[in-house]
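# structure for this input, please:
(chains A, B, C and D, ligands or ions: 6)
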Amino acid sequence: MSRLFKASIIENIQLVKNHYLITLHPLEKIKKPKPGNFFMVAVDHNLYPLLRRPISIHRWLNGDFQLLYRVAGKGTSILSRKKPGDILEILGPLGNGFPLKINSAHIILVAGGLGVAPMFALAELLKKRNPALYYGARTKKELLRIDELNALGLDPIIATDDGSSGEKGNIVNVLKRHIARHLSSISDNMLFACGPEPMLKALSLLAEKHGLQGYMALEQHMACGLGTCLGCVVKTTKGYRRVCKEGPVFPIEEIVW
Amino acid sequence: MSRLFKASIIENIQLVKNHYLITLHPLEKIKKPKPGNFFMVAVDHNLYPLLRRPISIHRWLNGDFQLLYRVAGKGTSILSRKKPGDILEILGPLGNGFPLKINSAHIILVAGGLGVAPMFALAELLKKRNPALYYGARTKKELLRIDELNALGLDPIIATDDGSSGEKGNIVNVLKRHIARHLSSISDNMLFACGPEPMLKALSLLAEKHGLQGYMALEQHMACGLGTCLGCVVKTTKGYRRVCKEGPVFPIEEIVW
Amino acid sequence: MADKKSINLTVMIGKLKLKNPVMTASGTFGYGDEYAEFIDLNRLGAIVVKGLSLKPKEGNPPPRIVETPSGMLNAIGLQNIGINNFIRNKLPFLRTVKTPVIVNFFGDSIAEYVRAAEKLSEADGVHALEMNISCPNKQAGWSIFGTDPHVTSKVVSAVRKATEKTLIVKLSPNVTDIGLMARVAEDAGADAVSLINTLTGMAIDIKTRRPRLANIIGGLSGPAVKPVAVRMVWQCYQAVRIPVIGMGGIVSPEDAIEFILAGASAVAVGTGNFIRPDITMDVLNGITAFMKTEGIKSINDIKGGVQC
Amino acid sequence: MADKKSINLTVMIGKLKLKNPVMTASGTFGYGDEYAEFIDLNRLGAIVVKGLSLKPKEGNPPPRIVETPSGMLNAIGLQNIGINNFIRNKLPFLRTVKTPVIVNFFGDSIAEYVRAAEKLSEADGVHALEMNISCPNKQAGWSIFGTDPHVTSKVVSAVRKATEKTLIVKLSPNVTDIGLMARVAEDAGADAVSLINTLTGMAIDIKTRRPRLANIIGGLSGPAVKPVAVRMVWQCYQAVRIPVIGMGGIVSPEDAIEFILAGASAVAVGTGNFIRPDITMDVLNGITAFMKTEGIKSINDIKGGVQC
Ligand SMILES: Cc1cc2nc3c(=O)[nH]c(=O)nc-3n(C[C@H](O)[C@H](O)[C@H](O)COP(=O)(O)OP(=O)(O)OC[C@H]3O[C@@H](n4cnc5c(N)ncnc54)[C@H](O)[C@@H]3O)c2cc1C
Ligand SMILES: Cc1cc2nc3c(=O)[nH]c(=O)nc-3n(C[C@H](O)[C@H](O)[C@H](O)COP(=O)(O)OP(=O)(O)OC[C@H]3O[C@@H](n4cnc5c(N)ncnc54)[C@H](O)[C@@H]3O)c2cc1C
Ligand SMILES: Cc1cc2nc3c(=O)[nH]c(=O)nc-3n(C[C@H](O)[C@H](O)[C@H](O)COP(=O)(O)O)c2cc1C
Ligand SMILES: Cc1cc2nc3c(=O)[nH]c(=O)nc-3n(C[C@H](O)[C@H](O)[C@H](O)COP(=O)(O)O)c2cc1C
Ligand code: FES
Ligand code: FES
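Ligands and ions are numbered 1, 2, ... in the order given. Here you go, the predicted model:
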């Protein structure tokens, strides 16, 4: 079970403009990824682009697995043009993943934009514990995987910037209001989040204010994915920590924004 | 009629291992290439590889055209994986091409290996003048386009290094023997050739010995294909001359080996 | 959003006013005529021609070109038709183009540099001179003029006295301290510096065990060198007050803007012309589009605008 | 055809014998342990660990990494766990590997270099020292030790006196005359030189108008720099008698052989490890295969074998 493996593409479909879901069949048995783990994907056999691209596990399908990605630049653009049957070279699963021993009574999941990619994996695993899933996106169109989330019985609370689905505005504000309503029981919640930096910053403030415990998945440019290049650090209360090794999931109170 | 155009791939088929025939449909009207002209083909939209690849016109099909190429390195290897419908960016036709006003009574064409790519175009154009076509390759397998040459009524004289087709050995030696047999009429011949350097060198010597007039298509690494980089020069009696501009076809007596 | 009409692309290089900052790099655009088929030469900021010397030069034996990852090595060996020939056969066409012509030149001694500059200064249709100092110096065991500050200072001063035209000094990047070299050129009277010339490199064919270039070593250009070029332009921008002309691996408008933010008053496209002969127009159009979207009125407003 | 058994891959670097010429480049292989999962560390010629200083270093703020065409810029800022920590927590594992460990180190003063060298020399399991002189010098306004020949000479001489271990000096490529720097290192007592370290570069985000690296400038590595690296190795091979260790953009056996033909006694794979964590084994296997096909008995037979 090597963490360096080849996988053939079963499907690589566009969900909405610039957003793709790729289903991969590893050509050998691989280690089962935890939610929050990620893979370093070589988007081509050529040396262009040079570095692998980090992408989170989105869904594990009994040996096969899915990644949900957005075309952000040249690497993901090349990936989006790959066809079923094409072979990708992949490294992973990598990183620490979300902690799965959760003692709190309630679980709050917050996904912003593409943050739904890893949060889906976590939600699926935690669904028996009835987590409250908050999901924000720019528009209704960019709310991905809603049907699948509903199928899991997760029934997300939604906000969009333009109000085209759910509440209009910021998902953190929605969560804020809910917390205000149930303030007494808030300390018995565990918060997990992934999304754009401004969202995570706002959540951190909220968590601090209410003494809410939790974890967030962060991003940083990466070269090795293995902890050797020291390229992917983020500032924490313990000094610089590697997103690929000590992360990508960090306790909220340790993150220094 | 710009010499910078896009063409869609109609077909890109492997003839034998490492040898491909690609049929292209220009997306706009292009200048009709002369035999000996070449195109600079961008094998991918990415910047990898950086430079275009020079490939000779093999056959003109009323607006569409064919190139015959061998997988030599990374550029041609990427080209060989392109599929029908894919779009290529192409520059050309470039270079001088073979002279087509021929006063000599007889025409001798010599193709060595992939040299058949441009010689085919020339042979097709000159077929009414009944040229003698000498064609050498390593093995029978690497003798390309024999059926098509026969269909044009050209009936090539063949030699292969391993004797698997035609005479065993070097095509220049075959020509040498024929010349020896018909020595009296030799000065009324015009020689055209394309092929590997050792073959062209041997032909040059032969031509010099018998006062045989003629032209050869040469190769050199290229960057611009337009005469501006001065990268593609070969040594001639007139000094360095650009293969992409004054060539690729040079009078035999001017080439300095 | 600034609309197209109100966008100001003009830049000054010494006394020379360019209608926009997109130039061609010497040695990659011939004498301009070959590209008239692909682009409207009148739209270029400036045309910089292949380096010229007093006498025609044969150049190096082939192979002269090798492709490398995201780059290429060249060892043309400064082949050129000579200044007289250029004046007689190439300038007449260039005079018909409404774009300033900058003549790149070199010599193998200070005296030759001076005579070349004099001759070119008299020619009608030469708008500025770019002296290439990455050239072997006959009197100094063929070491390069542009890597020793003392030699650089001498040759630039001498040429300065010989011409009233806008004088651009093209710096070699193969030095420890590029800012120092730019200052030396400025102090010696240069009106502008341009950089980078090629990085010295080498490639070996492992089958034949021979260098891939007949000249053994050559000059690396193309996208591979861009990070080095941007850094050097930024250092020169801080080191001197005269305009800096940036080049090295520009193949897109974004690349060009990167150089301008680093401090370039104008940019030149080199190897990019080999990839697409109409690339200069893409770069120019892209710069305009970028300025429109970002609401930038004058290209000078973002020159050196990187926020460090 | 030489058969596998009779192929001799061993090379000498000072007193150190390597079973083959394939090493890892400092800063791209951590302390070795992370790669044990992907390759048999025992098969490497040598493991060169991330650069160490006396005290742990925090390094630069992020972002520290940017991709560039066929290359990458890094500005890690020499983050490391410190020599004591290394000796306590990393060396025990490395001692279990049957491959020599070369420790890359640096300081911000000559005294620090010396103390670091002394400390490392006493440690069990350190087979050789590689001193990184591309490091800012506190006493000289933070200019780099490795770009001024006088400073280089001083710091190398001082370290030479402090250690009996094989001493490799890792040269900065950001200099005018790399051969001179190699000679300076040799004269000051180095047993070998290694090169190239990264070329200084910069990248700017045109949307935010900020440098893409928090540190503004960083070091360029990867295939983009290979032509420059091969050229410099070739120049150093001609300039000195001590072994030259070549690196810069090696991602294939062919690349490695190119460096050996240019004069490298051994090679190091850096950025390549990020592309494929088992790349060193491909390089090693490919070198052996090449030697077999070409009938080369000993790797030393082709060292510097480029026919110019
Ligand atoms: C742990 C982790 C998990 C991720 N999971 C996902 C996911 O599930 N789905 C998804 O769409 N995206 C995910 N990302 C972001 C994704 O890696 C980037 O969008 C992608 O690398 C962009 O590559 P590009 O070539 O398309 O863009 P370019 O901008 O051309 O990339 C240039 C360089 O910057 C790096 N880079 C650019 N953006 C980012 C970023 N946001 N984070 C890290 N590196 C970046 C690239 O890796 C590359 O090295 C994740 C990032 C990390 C660190
Ligand atoms: C005028 C002309 C016409 C040609 N016509 C044909 C043809 O019809 N069919 C065909 O198969 N080949 C032809 N060639 C050769 C063809 O250009 C090379 O085989 C091809 O460029 C190899 O590219 P690569 O990336 O596969 O190989 P690589 O070795 O990876 O190429 C590396 C670099 O070297 C250059 N190069 C390598 N070999 C040659 C060569 N022989 N000539 C010129 N440049 C080379 C490449 O263009 C590239 O820049 C022609 C060459 C020239 C100059
Ligand atoms: C084929 C070629 C020829 C060149 N000839 C010259 C020259 O004659 N004079 C000169 O100053 N620079 C010359 N250069 C350097 C370029 O002008 C430019 O500085 C360099 O290539 C970097 O830009 P680029 O990466 O965009 O090509 C030449 C470059 C190439 C590739
Ligand atoms: C992320 C990174 C960290 C590096 N850290 C060090 C270091 O600590 N000490 C050192 O001497 N060189 C360091 N280097 C330079 C490499 O060892 C090597 O010299 C350079 O990257 C060129 O080789 P490459 O192109 O194969 O990567 C580092 C390079 C990279 C990419
Ligand atoms: S990506 Fe290299 S340490 Fe994290
Ligand atoms: S390829 Fe540029 S001059 Fe011929």
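# select the longest helix from the chain.
I'll assume chain A. Counting residues, the longest helix found in chain A (DSSP state H) is helix A:197-210.
# please go with chain C instead
Determined from DSSP H, the single longest helix within chain C is helix C:279-294.
# average pLDDT for it?
Mean pLDDT, computed over helix C:279-294, is 97.
# residues in contact with it?
C:1-4, C:7, C:9, C:20-22, C:24, C:39-40, C:43-45, C:250-257, C:267, C:269, C:272-273, C:276, C:296-297, C:299, D:206 (Cβ atoms under 8 Å, 6 or more residues apart in numbering or on different chains). (Each C-beta comes from the backbone N, C-alpha and C, glycine too.)
# intersect those with the contacts of ligand 3.
C:250, C:269, C:272 (Cβ under 6 Å from any ligand atom).
# buried residues in the longest helix of chain A?
Residues of helix A:197-210 classed as buried under the neighbour-count rule (16 or more other Cβ atoms under 10 Å in any protein chain shown) are A:199-200, A:202-204, A:206-207, A:210.
# distance to chain B added to the residues you listed, as JSON lines?
Rendered in JSON lines, the data for these read as follows (distance: Cβ to the nearest Cβ, whole Å):
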{"residue": "A:Met199", "distance to chain B": "33"}
{"residue": "A:Leu200", "distance to chain B": "33"}
{"residue": "A:Ala202", "distance to chain B": "38"}
{"residue": "A:Leu203", "distance to chain B": "38"}
{"residue": "A:Ser204", "distance to chain B": "39"}
{"residue": "A:Leu206", "distance to chain B": "43"}
{"residue": "A:Ala207", "distance to chain B": "43"}
{"residue": "A:His210", "distance to chain B": "49"}
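# possible to save the residues you listed as TSV with pLDDT and distance to C:Leu73?
Converted to TSV, the buried residues of helix A:197-210 look like this (pLDDT from 0 to 100; distance: Cβ to Cβ, whole Å):
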residue	pLDDT	distance to C:Leu73
A:Met199	95	48
A:Leu200	97	46
A:Ala202	95	51
A:Leu203	96	52
A:Ser204	96	51
A:Leu206	92	56
A:Ala207	92	55
A:His210	88	62
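# ok, now which ones touch the nearest residue to C:Arg64 once chain neighbours are set aside?
Spatial nearest neighbour of C:Arg64, chain neighbours left out: B:Gly231 (4.9 Å); criterion: Cβ to Cβ, 6 or more residues apart in numbering or on different chains. Counting by Cβ under 8 Å, 6+ apart, B:Gly231 touches B:220-224, C:64-65, C:74, C:76.
# how big is the angle separating the helix or strand bottoming out on mean pLDDT in chain A from helix A:197-210?
Ranking every helix and strand in chain A by mean pLDDT, DSSP states H and E puts helix A:171-181 at the bottom, with a mean of 89. On the basis of axes from the mean of the first three to the mean of the last three Cα atoms, to 10 degrees, helix A:171-181 is oriented at 10 degrees to helix A:197-210.
# tell me the SS of the residue of chain A most remote from its centre?
In chain A, counting by Cα atoms, centre = their mean, A:Ser184 sits farthest out from the average C-alpha position, at 29.4 Å. The three-state assignment at A:Ser184 reads helix, by DSSP: H, G, I helix; E, B strand; the rest coil.
# tell me the spacing between it and ligand 3.
A:Ser184 is 66 Å from ligand 3, where distance means Cβ to the nearest ligand atom, to the nearest Å.
# the residue in the stretch 151-257 of chain A that chain B sits nearest to: neighbour count?
With Cβ to the nearest Cβ as the measure, A:Ala223 is the residue of the stretch 151-257 of chain A nearest to chain B, at 18.9 Å. A:Ala223: 29 surrounding residues under other Cβ atoms under 10 Å in any protein chain shown.
# mind listing what A:Thr23 touches?
Applying Cβ under 8 Å, 6+ apart, the residues near A:Thr23 are A:9-12, A:61, A:64-66.
# let's see 10 Å
A:7-13, A:58-59, A:61, A:64-67, A:84 (Cβ atoms under 10 Å, 6 or more residues apart in numbering or on different chains).
# same question, C:Lys161
C:Lys161 makes contact with C:114, C:117-118, C:189, according to Cβ under 10 Å, 6+ apart.
# and A:Leu144, how far from ligand 3?
Distance from A:Leu144 to ligand 3, by Cβ to the nearest ligand atom: 41 Å.
# ugh, wrong one, I meant C:Ala182
Note on C:Ala182: its distance to ligand 3, by Cβ to the nearest ligand atom, is 15 Å.
# confirm that residue sits in a helix?
Yes: assessed by three-state DSSP, C:Ala182 belongs to a helix.
# got phi/psi on the residue lying closest to C:Gln79 once chain neighbours are set aside?
Spatial nearest neighbour of C:Gln79, chain neighbours left out: C:Gly59 (2.7 Å); criterion: Cβ to Cβ, 6+ apart. C:Gly59 adopts backbone torsions of phi 80, psi -170, taken as degrees, to the nearest 10.
# hmm, C:Gly59 is touching C:Asn215, no?
Yes: contact status for C:Gly59 versus C:Asn215: in contact at 9.3 Å, counting by Cβ atoms under 10 Å.
# from what I see, the residue of the stretch 151-257 of chain A closest to chain B and A:Leu50 are in contact.
Yes: A:Ala223 is in contact with A:Leu50 according to Cβ under 10 Å; the separation is 9.0 Å.
# helix, strand, or coil at C:Lys303?
coil.
# that one and C:Ile260, how far apart?
6 Å (Cβ to Cβ, to the nearest Å).
# domains in chain A, by residue range?
A:4-94, A:106-254 (automatic domain parsing).
# got these as TSV, with distance to D:Tyr31 columns?
Below are the domains of chain A laid out as TSV (distance: least, Cβ to Cβ, whole Å):
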stretch	distance to D:Tyr31
domain A:4-94	18
domain A:106-254	8
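# of the ones you listed, which is nearest D:Lys90?
domain A:106-254 (12.2 Å; Cβ to Cβ).
# that closest one: end-to-end distance?
Taking Cα to Cα, to the nearest Å, domain A:106-254 runs 22 Å from one end to the other.
# what about that domain, near ligand 1?
Yes: judged by Cβ under 6 Å from any ligand atom, domain A:106-254 comes into contact with ligand 1 at A:114, A:117, A:219-222, A:243, A:248.
# farthest-separated two in those?
Once Cβ to Cβ is applied, these give A:Ala117 and A:His221 as the farthest pair, at 17.6 Å.
# many thanks, have a good one.
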